[in-house]
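Enquirer: take a look and give me a structure for this.
(one chain, ligands or ions: 1)
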Amino acid sequence: MSDNTLPETRCGFVAIVGRPNVGKSTLLNRLVGQKVSITSRKPQTTRHRIVGIDTEDKVQTVYIDTPGLHQEEKKAINRLMNRAASSSLAEVNKVLFVVEGTRWTDDDAHVLSKVKQSGLPCVLVINKIDKVENDQALMEHLTWLSDQHKFSDLFPVCAKSGKRVDALRDLINASQPPCEFIFPEDYITDRSSRFMAAEIIREKLMRFTGDELPYSTTVEIEQFLMAENGTYRINGLILVERESQKRMIIGKGGQHLKKIGTEARKDMEQLFEQSVFLELWVKVKSGWADDERALRSLGYGLD
Ligand SMILES: Nc1nc2c(ncn2[C@@H]2O[C@H](COP(=O)(O)OP(=O)(O)OP(=O)(O)O)[C@@H](O)[C@H]2O)c(=O)[nH]1
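Expert: The predicted model follows:
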């Protein structure tokens with residue numbers, strides 16, 4: 001603490017908003033420098049509010065990753081912002097509104113209306129610039145975007161490659177107000193390791209099963225132990241609705257499930273910085289929607 005009692009550290013919440021599939025989770029992972037939110041080509045991958053924490057020197061930024069907003073989720077952004085803003089520790093002091101290249105849809109317009117209502121300063125992040133071939137079209141679109149709202153900045157990035165993400169991070173960190181750190185310096189998320197393990201498995205399932213896998217598929221971590229040698233022993237249970245889905249996930253001779261397991265294990269080892277022994281099981285569960293346990297693992301009831 002300095003003499004005038006203002007903390008030497010700076011800290012604040014930043015909400016990441018945008019319609020589904022614009023790359024919010026990819027951006028969050030880049031900003032935090034670690035995988036804290038799962039990503040996939042399928043829209044609506046994010047079901048949970050994930051906090052990614054970025055601490056560098058004396059600045060801490062706590063990111064909130066929202067499920068993709070579309071017309072039916074009108075209240076999500078308000079709920080999110082109210083919840084974060086009512087925190088006694090810090091307030092959401094910035095919004096990152098992510099859009100995709102030169103595309104602008106009704107869902108983007110809907111998110112923008114919510115941003116306007118919130119009255120919060122907003123940086124417009126134009127992601128996926130690698131996909132924009134026409135520079136002139138991008139410039140014209142940026143001009144058009146800047147007329148839609150008084151954004152504090154317009155920031156083109158490529159979250160996938162990380163291009164310009166560091167500069168964005170500097171911009172965000174520079175604007176954080178004096179505040180004690182909310183989380184310990186070595187935290188990158190407020191989610192438990194068990195939760196992260198289930199999310200990683202779910203990501204690999206979505207990646208490797210293509211469009212056939214229904215969103216109703218859930219993952220539960222049945223066991224999460226650290227053995228004496230420091231290895232994590234993790235048992236994951238994948239719950240599906242039909243026998244055919246089970247066969248699809250397991251694949252011929254178990255090859256498919258093995259691949260999912262290997263990829264998930266690698267990500268877990270990177271995240272937990274420990275060796276991981278992962279076992280996966282697939283079980284058919286009928287009437288899962290009535291099952292509170294399965295619903296919980298989908299994230300319902302967490303609010
Ligand atoms: N070409 C390109 N693709 C990107 C970029 N950023 C993200 N993507 C891809 O876009 C897809 C969606 O990314 P996500 O990060 O899951 O998007 P999201 O906005 O979090 O999606 P929801 O969870 O549905 O809200 C994935 O396939 C990403 O790899 C980028 O800068 N360039």
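
Enquirer: so where do the strands sit in the stretch 1-150 of the chain?
Expert: Ranges of strands within the stretch 1-150 of the chain are 10-17, 50-56, 59-65, 92-100, 122-127, based on DSSP state E, counting those that start in this stretch.

Enquirer: between those, which one is closest to residue 26.
Expert: Nearest to residue 26 among those is strand 122-127; the distance by C-beta to C-beta comes to 7.8 Å. From N, CA and C alone the C-beta is placed, and that goes for glycine too.

Enquirer: next, format the strands of the stretch 1-150 of the chain as a markdown table and append mean neighbour count and distance to residue 251.
Expert: Listed next are the strands of the stretch 1-150 of the chain as a markdown table, based on neighbours: other C-beta atoms under 10 Å; distance: least, C-beta to C-beta, whole Å:
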| stretch | mean neighbour count | distance to residue 251 |
| --- | --- | --- |
| strand 10-17 | 24 | 35 |
| strand 50-56 | 22 | 29 |
| strand 59-65 | 24 | 31 |
| strand 92-100 | 24 | 33 |
| strand 122-127 | 23 | 33 |
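
Enquirer: any idea how far residue 284 lies from the ligand?
Expert: Separation of residue 284 from the ligand (C-beta to the nearest ligand atom, to the nearest Å): 27 Å.

Enquirer: that residue contacts residue 241, correct?
Expert: Yes: using C-beta atoms under 8 Å as the test, residue 284 is close enough to residue 241 to be in contact (7.1 Å).

Enquirer: between the two, tell me which one has more neighbours.
Expert: Between residue 284 and residue 241, residue 241 has the larger neighbour count (other C-beta atoms under 10 Å), namely 17 against 14.

Enquirer: where does the more buried one fall, phi/psi-wise?
Expert: phi -90, psi -30 (degrees, to the nearest 10).

Enquirer: my guess is it meets residue 282, correct?
Expert: No: under the criterion of C-beta under 8 Å, residue 241 makes no contact with residue 282, lying 11.5 Å away.

Enquirer: ok, back up a step: so for residue 245, which of the strands of the stretch 1-150 of the chain sits nearest?
Expert: Using C-beta to C-beta, the strands of the stretch 1-150 of the chain put strand 50-56 closest to residue 245, at 26.1 Å.

Enquirer: count the neighbours of the residue of the stretch 151-300 of the chain found nearest the ligand for me.
Expert: Ranked by C-beta to the nearest ligand atom, the top residue of the stretch 151-300 of the chain for proximity to the ligand is residue 160, at 3.4 Å. Residues lying near residue 160 (other C-beta under 10 Å) number 17.

Enquirer: quick one, phi psi at it?
Expert: Backbone torsions for residue 160, taken as degrees, to the nearest 10, come to phi -60, psi -50.

Enquirer: contacts only, for it.
Expert: Neighbour list for residue 160: 23, 26, 128, 130 [criterion: C-beta atoms under 8 Å, 6 or more residues apart in numbering].

Enquirer: check residue 56 too.
Expert: residue 173.

Enquirer: picking up where we left off before, what's the least confident stretch among the strands of the stretch 1-150 of the chain?
Expert: Mean pLDDT is lowest for strand 50-56 among the strands of the stretch 1-150 of the chain, at a mean of 79.

Enquirer: for that one, list the C-alpha coordinates in CSV.
Expert: The C-alpha trace of strand 50-56 is given here as CSV (Å, rounded to 0.1, in the frame of the first residue of the first chain):
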residue,chain,number,x,y,z
ILE,A,50,-16.0,-19.2,-17.4
VAL,A,51,-13.6,-16.9,-15.7
GLY,A,52,-10.1,-16.6,-17.1
ILE,A,53,-7.7,-14.7,-14.9
ASP,A,54,-4.7,-12.9,-16.4
THR,A,55,-2.2,-11.6,-13.8
GLU,A,56,0.9,-9.8,-15.0
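
Enquirer: between it and strand 10-17, how many degrees?
Expert: Angle of strand 50-56 versus strand 10-17, following axes from the mean of the first three to the mean of the last three C-alpha atoms, to 10 degrees, is 140 degrees.

Enquirer: any bit of strand 50-56 sitting next to the ligand?
Expert: No: using C-beta under 6 Å from any ligand atom, we find that strand 50-56 stays clear of the ligand, coming within 9.7 Å at best.

Enquirer: shaky segments in the stretch 51-200 of the chain?
Expert: Along the stretch 51-200 of the chain, segments meeting pLDDT under 70 span 51, 65-91, 190.

Enquirer: what segments of it are helices?
Expert: Secondary structure of the stretch 51-200 of the chain (DSSP state H, counting those that start in this stretch): helices at 76-85, 106-118, 135-146, 165-174, 193-209.

Enquirer: other SSEs contacting the third one?
Expert: By that I understand helix 135-146. If contacts are counted by 3 or more C-beta pairs under 8 Å, 6 or more residues apart in numbering; DSSP states H and E, helix 135-146 sits against strand 122-127, strand 153-156.
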